[in-house]
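Participant: got a sequence here, can you model it:
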Amino acid sequence: MTLPPADSELGKLMATLPRAGRVEWIGLRPARGQAMQDVTEAEAVAGSGLIGDRYAGGSGKRGITLIQAEHLPVIAALSGHATVPPALLRRNVVVSGLPLIALKERRFRIGDVVLEGTGECDPCSNMEKALGPGGFNAMRSHGGLCARIIEGGLFRIGDAVVALA
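Facilitator: Residues are numbered from 1 along each chain as shown. Next up is the predicted model:
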């Protein structure tokens with residue numbers, strides 16, 4: 001989907017967010033088959049990924065993955081769990097306070113880092129293993145956002161997530 005013109009009514013509506021978001025959790029996965037590691041900060045490299053994450057150096061379209069904190073209880077409920085720890089879902093960043101889908105095809109800032117939403121982060125078959133039968137479907141439409149790193153730098157838990165014009 002291509003965004004409507006910024007000066008159109010729909011374009012203005014899509015560009016208006018209620019407030020900035022906030023980074024709630026950060027995780028890095030050093031290698032395939034290894035568990036996510038909780039960290040308090042991460043360093044992003046432009047055109048690549050997060051230092052210490054297995055996807056660093058990849059295509060860049062999936063340099064970082066984000067998931068909305070408000071979706072975690074929904075995923076837990078749909079998969080039959082009381083709670084779901086963020087590391088289980090294998091996304092790098094949990095963000096609260098704004099709808100991540102609104103950042104698709106837009107640039108945004110977290111800490112020193114400028115990102116561009118490249119597309120939805122659809123679940124993979126590993127979610128069936130992680131969450132049990134039906135886990136894949138529990139994550140559909142709740143998988144978050146993939147983003148390309150435009151300007152590298154540091155970001156931390158507590159940093160604001162702000163859409164750029």
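
Participant: rest of the way, CA atoms for contacts and neighbours
Facilitator: Noted.

Participant: remind me which helix or strand the closest residue to residue 71 other than its chain neighbours belongs to.
Facilitator: The spatially closest residue to residue 71, leaving aside those adjacent along the chain, is residue 142, at 6.1 Å (Cα to Cα, 6 or more residues apart in numbering). Element membership of residue 142, judged by DSSP states H and E, is empty: it is in no helix or strand.

Participant: partners of whichever strand or helix holds residue 67, with directions?
Facilitator: Under DSSP H and E, the secondary-structure element containing residue 67 is strand 64-68. Based on DSSP bridges, the pairing partners of strand 64-68 within the sheet are strand 93-96 (parallel), strand 145-151 (antiparallel).

Participant: which helix or strand lies directly C-terminal to it?
Facilitator: Heading C-terminal from strand 64-68, the first helix or strand you meet, by DSSP H and E, is helix 72-79.

Participant: most centrally placed residue in this structure?
Facilitator: When Cα atoms, centre = their mean is applied to the chain, the residue found nearest the centroid is residue 66 (0.7 Å).

Participant: listing partners with orientation, what would you give for the strand or helix carrying residue 161?
Facilitator: With the criterion set as DSSP H and E, the secondary-structure element containing residue 161 is strand 160-163. For strand 160-163, the paired strands and their directions (DSSP bridges) are strand 21-28 (antiparallel), strand 107-110 (antiparallel).

Participant: please identify the most buried of these.
Facilitator: Burial among the strands paired with strand 160-163, expressed as mean neighbours by mean count of other Cα atoms under 10 Å, is greatest for strand 21-28, which shows a mean of 22.
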